[in-house]
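Q: return a 3D structure for these sequence lines:
(one chain, ligands or ions: 1)
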Amino acid sequence: MSSLLLRGIGWLYTCDERHTLLENAWLHVVDGRVAALGPEPCPVPAADRSVDLTGCIVVPGFVNLHHHFFQSITRAIPRSQRATAFDWLFSLYPLWAELDEDAMRAATAAACAELLLTGATTSVDHSYLLPARAGDLALAQVETAKSLGIRFHFVRGCMPTMEGDIAERLRPLMGGRLDGIVDDGDAVLAAMRGALQRFQDTAPFAMTRVDLGPTTVTYRKPDLMGRIAKLAKEFDAGLHTHYQPRAVEYDMARDLLGNTPLGFLRDSGWLGPRTWMAHCTELSDSEIDAFADAGCGVAYCARTAVRLGYKVPRIARMRAQGVTVGIGVDGAGSNDSGSMLSEIRLAHLLHRVHAGPETVPERDWLTPYDTLLMATRNGARLLGRDDVGQLAPGMAADIAAFDLRRAAYVGTVADPLGGLVLAGADAAAALTVVNGRVVVERGRLVTADEAAIAEHGNRAAERLLRAAEARTGLAFRIPPGPGPRPTVPPIPSMRQ
Ligand SMILES: [Zn+2]
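A: Sure, this is the predicted structure:
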């Protein structure tokens, strides 16, 4: 039996059914589960380990619903900095096509470290770029996540088609390398089944689970969506993809399938409570209603919406209609940051901005408690989990603590949880615990050496940059030396 005692907790917000907020509290962990909690004085005489959390706010560890770990070694790429979605993808695929097993390990470690350091204890990785030539990338990810200590939902993805005209634009630059990252449908289904057989763990408190989903809805390979849905059901897995149908997708669904994007999802068995979709920035009223009726959820990725110039997702409308909304940081290519608490803070505010004629009345604005619920219990529910997302006896001991004794939090005593969400200059957790294991302490990762992760990641990034430059003849880096700084060529000139 192992035990951990958190003492003198400044404020403890449990996210339980009663939304309990305790001041000056304690929490006792036994064998990875919350055994008991309450206001001081603590009746538990001793534990293997005791941590004093005076001045800290403790919350359930956050659940990150959307990420692409491999992108963590391709952040702030100059060619992608001013690009909207398709041009952004066009500018990054030459780098991502060079991914290998070592790079995947480096990127996964960086992503997991950043998540744990900012309070996330469970994370999805929507892993859709797994070229067969690169080795056993799935195993690389599962092993790395395990060693860092995060609770991992490996969404075994695929890319059976590329969006828009990206493939035609990339072929002159990348040649045969392009074929290595676009998947064959039958091979992908076999690989998905293989991942489920090797890694799926549906037991309560499981540290690794497998879900499925292509990077986008596959209108051009329509049978694939249904086959993936059937496979997911067989292994009790969830379904996940990006969904924000643009005009071109409505055209494709109509011309190829005589359907709408939503109708195609429904016909393919994708509208259900085990499905959660990323972004959903373009949902119509009827789509929101259909999501609510089916129990289909949404991963709200605020920073990507801003970074790529998407519309603001209609979070208030979704919530009003009963759609379960959680929060995802998205890949570090389109977020650049993979910080969970930073994402929560932006998500809390962004939905108030209205796009087009629709305004969001104040009464529909999220409170900090609403937003925290989205980042914890809602996320857990959308992953089909009832063992994480709140702190109560019998739940997993997945815990994040933030020290409010910082200049940026001064004056938030009236509502410390509001302070955590609305104030704060950085997002560093003082303590992160996953399944009873301390993984971050005093703001430092304890399951790995953060400096070594950074060095490994940057080395892999350099390798990808060099390889992509050699293959395409394009420059991907701002060269060092005296200014003036060169202006990064606008996207159209990349078709050189
Ligand atoms: Zn994404």
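
Q: for M225, which non-adjacent residue is closest in space?
A: Among residues not flanking M225 along the chain, S268 sits closest, at 3.7 Å (Cβ to Cβ, 6 or more residues apart in numbering). From N, CA and C alone the C-beta is placed, and that goes for glycine too.

Q: can you pull the contacts of the one you found?
A: By Cβ atoms under 8 Å, 6 or more residues apart in numbering, the contact set of S268 is 222, 225-226, 229.

Q: tell me who's in contact with the residue nearest to R385 when sequence neighbours are not counted.
A: Distances taken as Cβ to Cβ, 6+ apart place T122 nearest to R385, at 7.7 Å, with adjacent residues excluded. Contact analysis of T122 by Cβ under 8 Å, 6+ apart lists 61-64, 150-153, 379-380, 383, 385, 388, 398.

Q: beta partners for T122?
A: Residues in a beta bridge with T122, per DSSP bridges, are V63, R151.

Q: distance of A375 from E469?
A: A375 sits 39 Å away from E469, going by Cβ to Cβ, to the nearest Å.

Q: ok, now E441?
A: 40 Å.

Q: can you pull the contacts of the spatially most central residue of the chain?
A: For the chain, the residue sitting closest to the mean C-alpha position, by Cα atoms, centre = their mean, is H66 at 2.7 Å. Counting by Cβ under 8 Å, 6+ apart, H66 touches 124, 126, 240, 278, 299, 301, 328-330.

Q: narrow those to those in strands?
A: Among the contacts of H66, the ones falling in strands (DSSP state E) are 124, 126, 240, 278, 299.

Q: how distant is the lowest-mean-pLDDT helix or strand in the chain from the center of its chain?
A: Ranked by mean pLDDT, DSSP states H and E, the weakest helix or strand in the chain is helix 332-335, scoring a mean of 85. Offset of helix 332-335 from its chain centre (Cα atoms, centre = their mean, to the nearest Å): 11 Å.

Q: tell me the buried residues in that helix?
A: Residues of helix 332-335 classed as buried by neighbour count (16 or more other Cβ atoms under 10 Å): 332-335.

Q: between these, which is nearest C158?
A: G333 (18.0 Å; Cβ to Cβ).

Q: what sits against the closest one?
A: Contacts of G333 were listed using Cβ under 8 Å, 6+ apart, and they are 68, 71, 74-75, 77, 80, 88, 92.

Q: quick one: least confident of those?
A: Lowest pLDDT of those: W88, 85.

Q: and that one, what does it touch?
A: For W88, the contacting residues are 80, 308, 333-334, by Cβ under 8 Å, 6+ apart.

Q: am I right that it is in a helix?
A: Yes - judged by DSSP: H, G, I helix; E, B strand; the rest coil, W88 forms part of a helix.

Q: thinking again about what came up before, buried ones among the contacts of S268?
A: The buried subset of the contacts of S268 (16+ other Cβ under 10 Å) comprises 222, 225, 229.

Q: mind checking which helix or strand R169 is in?
A: Taking DSSP states H and E as the definition, R169 sits inside helix 166-174.

Q: buried sites along that helix?
A: For helix 166-174, the neighbour count (16+ other Cβ under 10 Å) marks 166-167, 169-170, 173-174 as buried.

Q: so which of the residues you listed comes closest to A347?
A: Among the buried residues of helix 166-174, I166 lies closest to A347 (Cβ to Cβ), at 28.1 Å.

Q: is it correct that A468 is in contact with P94?
A: Yes - counting by Cβ atoms under 8 Å, P94 is a contact partner of A468 at 4.2 Å.

Q: could you list the low-confidence segments of the stretch 351-496 of the chain?
A: Residues of the stretch 351-496 of the chain that meet the criterion pLDDT under 70 lie in 355-356, 483-496.

Q: all helices for it, in order.
A: 368-373, 379-382, 416-422, 450-472 (DSSP state H, counting those that start in this stretch).

Q: winner for burial among those?
A: Most buried of the helices of the stretch 351-496 of the chain, by mean neighbour count (mean count of other Cβ atoms under 10 Å): helix 379-382, with a mean of 26.

Q: can you pull out the helices in the stretch 151-300 of the chain?
A: Assigned helices in the stretch 151-300 of the chain, in chain order: 166-174, 185-199, 222-234, 247-257, 261-267, 285-294 (criterion: DSSP H, counting those that start in this stretch).

Q: mind checking which of these is nearest V446?
A: Minimum separation from V446 across those (Cβ to Cβ) falls at helix 185-199, 24.9 Å.

Q: could I get that closest one in PDB with only the CA atoms?
A: Provided in PDB are the C-alpha atoms of helix 185-199 (Å, rounded to 0.1, in the frame of the first residue of the first chain):
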ATOM      1  CA  GLY A 185      -7.500   2.400 -46.100                       C
ATOM      2  CA  ASP A 186      -7.100  -1.400 -45.600                       C
ATOM      3  CA  ALA A 187      -3.600  -1.000 -44.100                       C
ATOM      4  CA  VAL A 188      -4.900   1.600 -41.800                       C
ATOM      5  CA  LEU A 189      -7.700  -0.500 -40.500                       C
ATOM      6  CA  ALA A 190      -5.200  -3.300 -39.800                       C
ATOM      7  CA  ALA A 191      -2.900  -0.900 -38.000                       C
ATOM      8  CA  MET A 192      -5.800   0.400 -35.900                       C
ATOM      9  CA  ARG A 193      -6.800  -3.100 -35.000                       C
ATOM     10  CA  GLY A 194      -3.200  -3.800 -34.100                       C
ATOM     11  CA  ALA A 195      -3.100  -0.800 -31.800                       C
ATOM     12  CA  LEU A 196      -6.300  -1.800 -30.100                       C
ATOM     13  CA  GLN A 197      -5.100  -5.400 -29.500                       C
ATOM     14  CA  ARG A 198      -1.700  -4.200 -28.200                       C
ATOM     15  CA  PHE A 199      -2.700  -1.200 -26.000                       C
END
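
Q: R352 and D285, how far apart?
A: Noted for R352: a distance of 20 Å to D285, by Cβ to Cβ.

Q: can you check A247 too?
A: 17 Å.

Q: what does G384 give?
A: Counting by Cβ to Cβ, the gap from G384 to D285 is 27 Å.

Q: more neighbours, those two?
A: In this view G384 and D285 are compared by other Cβ atoms under 10 Å, and G384 has more residues nearby, 16 against 10.

Q: so which strand or helix has L346?
A: According to DSSP H and E, L346 maps onto helix 340-350.

Q: give the buried residues for that helix.
A: The neighbour-count check on helix 340-350 (16+ other Cβ under 10 Å) flags 340-348, 350 as buried.

Q: and it, what does it pack against?
A: Under the contact criterion of 3 or more Cβ pairs under 8 Å, 6 or more residues apart in numbering; DSSP states H and E, helix 340-350 touches strand 62-64, helix 302-307, strand 325-327, helix 368-373, helix 416-422.
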